[in-house]
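*Asks:* structure of the sequence below:
(4 chains)
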Amino acid sequence: LEEKLIFEQGEAGRCGVDLPAAPKHTAKLGGLARKGGVGLPGLAEPQVVRHYTRLSQKNYGIDSGFFPLGSCTMKHNPRLNERMARLPGFGDIHPLQPVSTVQGALELIDTLAHWLKTLTGMPAVAMSPAAGAHGELCGMVAIKAALEARGEGHRTRVLVPESAHGTNPATAAVIGFTVDPIPATEAGRVDLAAFKAKLGPDVAAIMLTNPNTCGLFEGDIREIADAIHEAGGYFYCDGANFNAIVGRVRPGDLGVDCMHINLHKTFSTPHGGGGPGSGPVVLSERLAAYAPLPWTILKDGKFQVLEQAEGEAKAAFGRLKAFHGQMGMFVRALAYMLSHGADGLWQVSGDAVLNANYILASLKDVMTAPFEGPCMHEALFDDRFLEGTGVSTLDFAKALIDEGYHPMTMYFPLVVHGALLVEPTETEDKQTLDLFIGTLRSLAERAKAGAAEEFHAAPRLTPRRRLDETLAARKPVLRWKRAGDNAMAAE
Amino acid sequence: LEEKLIFEQGEAGRCGVDLPAAPKHTAKLGGLARKGGVGLPGLAEPQVVRHYTRLSQKNYGIDSGFFPLGSCTMKHNPRLNERMARLPGFGDIHPLQPVSTVQGALELIDTLAHWLKTLTGMPAVAMSPAAGAHGELCGMVAIKAALEARGEGHRTRVLVPESAHGTNPATAAVIGFTVDPIPATEAGRVDLAAFKAKLGPDVAAIMLTNPNTCGLFEGDIREIADAIHEAGGYFYCDGANFNAIVGRVRPGDLGVDCMHINLHKTFSTPHGGGGPGSGPVVLSERLAAYAPLPWTILKDGKFQVLEQAEGEAKAAFGRLKAFHGQMGMFVRALAYMLSHGADGLWQVSGDAVLNANYILASLKDVMTAPFEGPCMHEALFDDRFLEGTGVSTLDFAKALIDEGYHPMTMYFPLVVHGALLVEPTETEDKQTLDLFIGTLRSLAERAKAGAAEEFHAAPRLTPRRRLDETLAARKPVLRWKRAGDNAMAAE
Amino acid sequence: MRYLPLTEVDRRDMLAVIGAPSVEALFKDVPAAARRTGPVDLPMHAGELEVHRQLAAMADKNIAGGTVPFFVGAGAYRHHVPSSVDYLIQRGEFLTAYTPYQPEIAQGTLQVLFEFQTQVALLTGMDVANASMYDGSTACVEAVQMANRVTRRTKALLSGGLHPHYAEIVETHAKYGGFTVVKGAPDFAGTEDLIAQIDGETSCVVVQNPNFFGRLRDLTKLAEAAHAKGALLIVAVTEVVSLGAITPPGEMGADIVVAEGQSIGSGLNFGGPYVGLFATKDKYVRQMPGRLCGETVDADGKRGFVLTLSTREQHIRREKATSNICTNAGLCALAFTIHLSLLGEDGLTQLASLNHAAASRLADKLAGVKGVEVLADAFFNEFTVKLSKPAAEVVEALAAKKILAGVPASRLIPNDKSVENLLVIAATECTTDADMDALVAGLKEVLA
Amino acid sequence: MRYLPLTEVDRRDMLAVIGAPSVEALFKDVPAAARRTGPVDLPMHAGELEVHRQLAAMADKNIAGGTVPFFVGAGAYRHHVPSSVDYLIQRGEFLTAYTPYQPEIAQGTLQVLFEFQTQVALLTGMDVANASMYDGSTACVEAVQMANRVTRRTKALLSGGLHPHYAEIVETHAKYGGFTVVKGAPDFAGTEDLIAQIDGETSCVVVQNPNFFGRLRDLTKLAEAAHAKGALLIVAVTEVVSLGAITPPGEMGADIVVAEGQSIGSGLNFGGPYVGLFATKDKYVRQMPGRLCGETVDADGKRGFVLTLSTREQHIRREKATSNICTNAGLCALAFTIHLSLLGEDGLTQLASLNHAAASRLADKLAGVKGVEVLADAFFNEFTVKLSKPAAEVVEALAAKKILAGVPASRLIPNDKSVENLLVIAATECTTDADMDALVAGLKEVLA
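*Replies:* Numbers count the residues shown, from 1 in each chain, chains lettered A, B, ... in the order given. The predicted structure is shown next:
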């Protein structure tokens, strides 16, 4: 059954809430009372519940099945964390309540900060960034602030490996840096010599993902860190792949100056179909003073919030977000951390890496891997095994959908041709991996056996088959309009 | 993807909970410590969550779509009610806590009792029955107790219409009554003359469903009540169809002596794939004294629970269930009642009856209705319209599944050949009814056009197609056994 | 009216199709005298916020178990239920589904029931289990009625250690259902001799283990004696977690095991809804009450599940049914199955061990309190103490101090001097050392 | 470790397939010095019960809004969210899904976003909206950056009535992103003249309506003036419920509307996660930041939805992207969409009316309190009062009496004597008469 838009189901005079009549009062809207209607549809509660239930049934989540999306770390989302975030003492407190009435909330932020600092080996953390990219911005602004404080505002060049996430160059550009790409070696790592050759007095920083987007650990990382520091720049580490090393390797021990942490990746706050995320940024001694507001500090046994660039926080570079950050995500992440503990997190990275290597090793013979293992938490394949089959990376991935899986990441990283990036995470069991490996093996064999048409037609069993993205972009229809309104708009 | 049994997924050494080690203690199990293992499988939490998520996806509920199951009143289940039942002050209190610490719980029971009594026009209610059939038992035992108190224990014959729910005769039989069926008239009602002819000094009661299982109101109900009373018997009303009249007609005004109320039907506590239910029984003055324990009473501003057949409760006929009844369902039902209020409940029965009549009127031409309208909250069809098509009632109902609907009730009531009993309830909108009517119309036309094979093959789009029920009953396999265990058992 | 989608326009249009002048006209078959002209005398409709406030006001008048030191058991136990259990049972596809009479679109519920039946059979050490009953207490009387059918006898022998509510229910059914009950005196001392009371008329012996007072007993000899006389042994278990630590009834010779499954998956809920477990031997399957889910194949030969052997049930057999029950505790059974799947072999064993450790340590602590005599040699997570004062008074005094100390035996067994000072005390994995210390301190004060 | 399914046997078998001697060996690329030999110095793993206890202990140290008279607003508002909203967003298919990059199995999320975009466009009176931003404050700075792109100018003019946090964020981005900000003084008197400050360099004027102090203003003239100078008008709304009662920014000439959507669907959550709304005119669509969902057809010609115009986005455009953002607030947008669907036209209007009524009545009540001057002529559900003492002290004194009286302007605008005694007070449909009376009584006492 098709599920119409709510606008196509609504009827005037119906309502999904019961609100009492407003008590007697004098209207004080100053002549700004709304004249026309809003145009919202009227639905009763049963219709709304059924509508969104049915829409949900057209979605695929971690709870539905294996979700090996490389670079995105789709792991189990424990319901305990949801429950904790909904405790009235966390969910029903206002960010501007008197500080004396939210001591527990500040304690939670402080505790989470302690965990993040200990796990990364860094002395400070900025909690307010709302997501990974926001965290990148935070880190790069901190670097800029530090450079300006040093009187080196002329350092505007940022080195970014070709394999980097698109957010890295985008972030650098937003705040006026210029981006200078670093090539990769055949082994899928930063070309150390090329990198060193690019260093100079105008270099502000390197932005490096480690493990990198090919799922490999940058073995030269200490040398890279030393070189950038020597050259007067800072080392920004993209923490998207922190899951591979959490609990085992501390970025602080690798010479990193700042790194954002995607709480929704590494610490399992649910991705929710697109967010919300949360991207705290850990900072080295050299950058700590510039962390944005607010700062939570403990003084005389009471938590305080520094909300102005004064006193201890006088060098704070400003503010990135209203209030205190993504508190709801903090609660979930801390619940996850407390549940795992130091021992559990040690095992998290071990199992994540083991699972990825198991997939890589099990499929090396029928698919093609561009780099030698061991990999970290992701197994990367290229499309050489599809050469001549008429099946593209896209076709191959879409065929997985009919087998009951979410596809892996496709065509990323860009440095590999027709990339297929598989990240199993530590919360999958061997039975699931074995079934998945069997499916990939059989698909690869079918592709080689000449079943291209079958692949082109995939997926077949989904609520919708392949969608026309070109049409969507060429003639954007971005909202529903009442029949007739479109015609009017077209005039 | 198929979903294996948990037993087929388990592995030793895995666990979905983290429990601390037991502290030092002296074992005091008196030599009864378990020797062997239990044989339970080991799964981690992500596997368990995914397993039951995926199983749920093979189910159809009210939230999934229209569920017009006659006689079962599958209406919208508001989430507010779930939330209320989980308030710690209701969900986390023990039935044997000191009465002083559960005054609010007793107040809730008393409030719900007040609503039930007011809606039915009856002076008393027994709250403890766990479901409808349990409520029937409660009512019939109360009648037996009253007869015995009157010294008329020899009255053992119970009159039950042929169209009655199977639980009616089953209940009567369980406590030693003999069941004497009353025939129906051509108009689908109790044959008044036949009923009167069966009255006599050995008659204990009549058990009557009203509106009856044909979806019709027994217009002679006052005469029936008077006649049974005059004959010295009691009038048991099966409240399964109370939804048709709630808020508009009070059974007490019809001469009823007792009636169970399916909270999960009329007051929307969720059916949960088979329960739990809750079946409070309202009682007339003549039966009130015999209500089972416990009784909740208000004395000097404090609620008390009478848990023994003493004092005010000295005639109580005994106990039917441990503790106080289905408290969790009481909370949900009261939340539902408070939400609707007297005005909303008035509308509930009106809309329920309107919806059913709309379906009946809209399909009379292509399907066959055994009785003249208006009906109450259910529209009944028979299978005359399928005559000669090779399509059975079962086939017809199964074909609905592929169209996205839960089938209606089939082959009940027994008094109608190949019955199809449709109960839309008041929480469906006209758009849904119109689509459903269109679907039934088109199916009826297809059946008549000779598409029998298509019907025999239905459903096709479900996780499973028609299941072999005969095999299941002939060679019952009622539990999983480790491979090899079956062989052993067969020896 | 947020749950009612018809608009006035809809109603008018629909009445036109029906050909009726008004909704009221559709009620014409109702005797005029009984047709109300307007709503009954109850409050009008209310929004969520208002309903929430009203109900929360009632809830707030109760002392929730999690907010105080808590030792109340006697048939219902306070355990920690993992969050995923409550999430999963609230999924609409489970919560809002009906009894799985249409197996093609109810394989979810059905497979759960098949898993449930297997779990219950494993836990109890029996061959086969049904798809759940209302609760332990109603399962118990169903077991007695089944034993009557199997043995064609009508005398049930109830242990004095059986939960008083369970016994009362059996007695009520006996009184009105035409069978006889012989009941022992409250067996708090663990000295009851049931074997001597079994005779050729006895259909069954019903014992609880651990019993109402918390005592554990080896039932092997009792089973042998019952079988020798042609009677069945029914074992009731009110704390199902105990089966993770102790010998299951099936291994001691039980013919039917009934249990209250609340401890696994369900909260206290002031007594309900809970979930009754019912297990027996293969040979009695067709005499079992309640629903059964069985394995079969579909039209394509794939494994699937259906409700089966329904010829025993009321909707088919009517007055010849094995029971009048037609609802199970599906959602609580689901919670049970999920919780037990999370626990698994290791988790259940460990949970049981934590429970026993808590009770054992509490017993040791209480043994040192003046005025408290621990009547316990073998128990699981609950035991009985004899106080120097009537237990009901002591419990009330402690409740005033926000300590819920347990259940006075006199609440369930009134008018019996021998139990007046007895207090039944439970401890679980939720019981902290601080809770125990609070109870010890409270008792010292109240008994001083 | 309940979330980790690999067993030791699994690990051994998998290492054998890989051909590695140990898990540690897989980390060989990590410099030896940085490879730890064991867990870091943090607590070890803990079960649900224990984690729950630890976190609940923190939660219990806070005063939850629902437990006290509550008047705190200033950018986040305490509303009642229907229970079905929170149920639906927790369904695994929504909660545990990723960004809908695979539209074939993400039509659920995509259709929701399409509905969301439509709702936001309708509410704000604009042509088109995106699929949400992090929150209102970050949406605001994105709007300024977009205006800079559209106008190719770099001077933003901020009203003194803009939420101070929003202004600070714009200033931070200006400082490091190379544009200029001109900011007005705190506009609590409603006398600000922005028109005079617009010049040929101005890329945009940013005003909030109702403003930070609760004041409503007709923005039509301002829009005309801005447009006349080639600048865009950006309107920020922190209380989106107000749009159910007042003229939407689109009708007053706004070019970009940003709003904090928290009031519909989300709880207070101590400040996040919330959901940023972002709407503009059709002609600026390709300059918009954030995700967009568009309608299209699938291979069978059926209507479907996809993320579209992603050529604006960072994962395609890299350093040429319109913004570096790559996450939206999907789940909060879902909550917004569901809650607003439940409200519908009638519900939203009624909700807005209740909010205004509460604030209006509260203002009237406070007008009678000595030491309180209500600075309010036109407002929605929030207004500012001038107290006879510094507001921060008063709020602290009332907090000690368990009354959360509002936000002292000085908390967000420090070192400004003119606002020291100003208190920003909000009332919503959750505010009862008893709450209002408590505030009045409390203020009388504290100001006496």
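
*Asks:* right, and C:Glu50 touches A:Pro20 too?
*Replies:* Yes. Counting by C-beta atoms under 8 Å, C:Glu50 does reach A:Pro20; the two are 7.1 Å apart. (C-beta placed from N, C-alpha, C; glycine too.)

*Asks:* any part of the lengthiest helix in chain C near chain A?
*Replies:* In chain C, taking DSSP state H as the definition, the longest helix is helix C:330-367. No. Helix C:330-367 is not in contact with chain A by C-beta under 8 Å from any C-beta of the partner chain; minimum separation 11.1 Å.

*Asks:* who are the packing partners of the helix or strand that that helix is followed by?
*Replies:* On the C-terminal side of helix C:330-367, the nearest following helix or strand under DSSP states H and E is strand C:372-375. Applying 3 or more C-beta pairs under 8 Å, 6 or more residues apart in numbering or on different chains; DSSP states H and E, we find strand C:372-375 packed against helix C:330-367, strand C:382-387.

*Asks:* kindly recompute the last result at 10 Å.
*Replies:* If you count contacts as 3 or more C-beta pairs under 10 Å, 6 or more residues apart in numbering or on different chains; DSSP states H and E, strand C:372-375 packs onto helix C:330-367, strand C:382-387, strand C:422-426, helix C:433-447.

*Asks:* in terms of neighbours, single out the busier of C:Glu50 and A:Pro20.
*Replies:* Per other C-beta atoms under 10 Å in any protein chain shown, whichever of C:Glu50 and A:Pro20 has more neighbours is C:Glu50, with 17 against 13.

*Asks:* report whether the helix or strand harbouring the more buried one contacts chain D.
*Replies:* Following DSSP H and E, the helix or strand that holds C:Glu50 is helix C:48-59. Yes. Against chain D, helix C:48-59 shows contacts by C-beta under 10 Å from any C-beta of the partner chain at C:48-50, C:52-53, C:56.

*Asks:* are any of those residues buried, and which?
*Replies:* The neighbour count (16 or more other C-beta atoms under 10 Å in any protein chain shown) marks C:48-50, C:52, C:56 as buried among the residues of helix C:48-59 next to chain D.

*Asks:* and chain B, which of those residues contact it?
*Replies:* Answer for those near chain B (C-beta under 10 Å from any C-beta): C:48-50, C:52, C:56.

*Asks:* and the worst-scoring helix or strand of chain C on mean pLDDT, what does it pack against?
*Replies:* The weakest-scoring helix or strand in chain C, judged by mean pLDDT, DSSP states H and E, is helix C:314-317 (a mean of 72). Judged by 3+ C-beta pairs under 10 Å, 6+ apart, the packing partners of helix C:314-317 are helix B:167-174.

*Asks:* next structured bit after the helix it packs on?
*Replies:* Helix B:167-174 is succeeded, C-terminally, by strand B:178-182 (DSSP H and E).

*Asks:* mind listing what that next one pairs with, with the direction of each?
*Replies:* Sheet pairing for strand B:178-182, assigned by DSSP bridges, gives strand B:157-161 (parallel).

*Asks:* please consider this matter closed, and thank you.
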